[in-house]
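Novice: prediction below, plus the sequence it came from.
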Amino acid sequence: MPDLHPVAHKFILHWGEMGARWGINRTVAQIHALLLVSRESLHAEEIAATLQVSRSNVSTSLRELLAWGIVRTAQKLGDRRDYYEAVGDVWDMARIIARERKRREFDPTVVALRECVQELEARPADDALDAARLAELLEFLETLSDLYGQLDKVPSPALKRFARLGSKIPRIIGGL
């Protein structure tokens, strides 16, 4: 990767590896990392040249990042090209990613599990399936979904203060 600070290079490679482990295309994650560490917005040709990937791969990856809402377009006077930049606040970025992952992955799982539980409740007892365990899992996931919904309403500064409480949280909520 030409013209990159060695730390940026290391970060971009790691972010790509991490993304791949989370089921995100490596190039998508690397472009996101590049935009995170860039002081200025970049156009697609700059991204392609810096990461040494094809322009079509960059276009596809940018569409994905735009769909997630963690990258936005920017304009520069006198230039007709689109420039791209990452969402600036890391807490906002984390919220967007969590919201999208919930919508894309978690919510469909809850719907499928709810359908399974309803099907089992409508039939006579089936020794091959533990309907009670599936119902318990559904209740757990619905509780997590409700908790997430409440946390998502908390403004980032308040959520940041709460997170910084760390080991005090269980004591505050009566867990220890």
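Specialist: Cool, got the structure. Residues are numbered from 1 along each chain as shown.
Novice: how about the strands in this structure?
Specialist: With strands called from DSSP state E, the chain shows them at 42-43, 71-76, 79-86.
Novice: give the residue farthest from the middle of the chain.
Specialist: Distance from the centre of the chain peaks at Pro124, with 40.8 Å (Cα atoms, centre = their mean).
Novice: what pLDDT does that one get?
Specialist: Per-residue confidence (pLDDT) for Pro124: 75.
Novice: cool, Pro2 as well?
Specialist: pLDDT, Pro2: 53.
Novice: and what of Asp130?
Specialist: On pLDDT, Asp130 comes in at 79.
Novice: dump the strands of the chain into TSV; add distance to Leu159 and mean neighbour count as well.
Specialist: Backbone N, C-alpha and C define where each C-beta goes, glycine included. Below are the strands of the chain laid out as TSV (distance: least, Cβ to Cβ, whole Å; neighbours: other Cβ atoms under 10 Å):
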stretch	distance to Leu159	mean neighbour count
strand 42-43	30	18
strand 71-76	22	15
strand 79-86	20	15
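Novice: number of nearby residues for Ser145?
Specialist: 14 (other Cβ atoms under 10 Å).
Novice: thought it was touching Glu105?
Specialist: No - Ser145 lies out of contact with Glu105 (Cβ atoms under 8 Å); the separation is 11.9 Å.
Novice: hmm, back to that, dump the strands of the chain to JSON lines, plus distance to Ala131 and mean pLDDT.
Specialist: Shown next, in JSON lines, are the strands of the chain (distance: least, Cβ to Cβ, whole Å; pLDDT from 0 to 100):
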{"stretch": "strand 42-43", "distance to Ala131": "53", "mean pLDDT": "96"}
{"stretch": "strand 71-76", "distance to Ala131": "44", "mean pLDDT": "94"}
{"stretch": "strand 79-86", "distance to Ala131": "46", "mean pLDDT": "95"}
